[in-house]
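Participant: this is a predicted model, with the sequence first.
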Amino acid sequence: SDSATIQTKKNVGPNMNSLRGLDLVDAIKAALKVLCPEVVSCVDIVAVAICNSMAT
């Protein structure tokens, strides 16, 4: 998430309001953080998203 000095990639310049599906990524991240607090990385989130998209 953004801080006073650092902006996340989804909230800067050309990406602002242009990326779709980030609400799903944020939901997956929240669910994983509940199951595995302080262990979840961006790669974990992408892996779960890919697995879920292939299963449906």
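Facilitator: Sure, I can see it. Numbers count the residues shown, from 1 in each chain.

Participant: what ranges does this protein have for its helices?
Facilitator: Listed in chain order, the helices of the chain (DSSP state H) span 22-35, 42-55.

Participant: winner for burial among the ones you listed?
Facilitator: Comparing these by mean neighbour count (mean count of other C-beta atoms under 10 Å), helix 22-35 ranks first with a mean of 13. (C-beta placed from N, C-alpha, C; glycine too.)

Participant: counting by contacts, list what it packs against.
Facilitator: Helices and strands touching helix 22-35, by 3 or more C-beta pairs under 8 Å, 6 or more residues apart in numbering; DSSP states H and E, are helix 42-55.

Participant: how about residues contacting the helix it packs on?
Facilitator: Helix 42-55 is contacted by residues L24, V25, I28, K29, L32, C36 when judged by C-beta atoms under 8 Å, 6 or more residues apart in numbering.

Participant: cutoff 10 Å now
Facilitator: 21, 24-33, 36, 40-41 (C-beta atoms under 10 Å, 6 or more residues apart in numbering).
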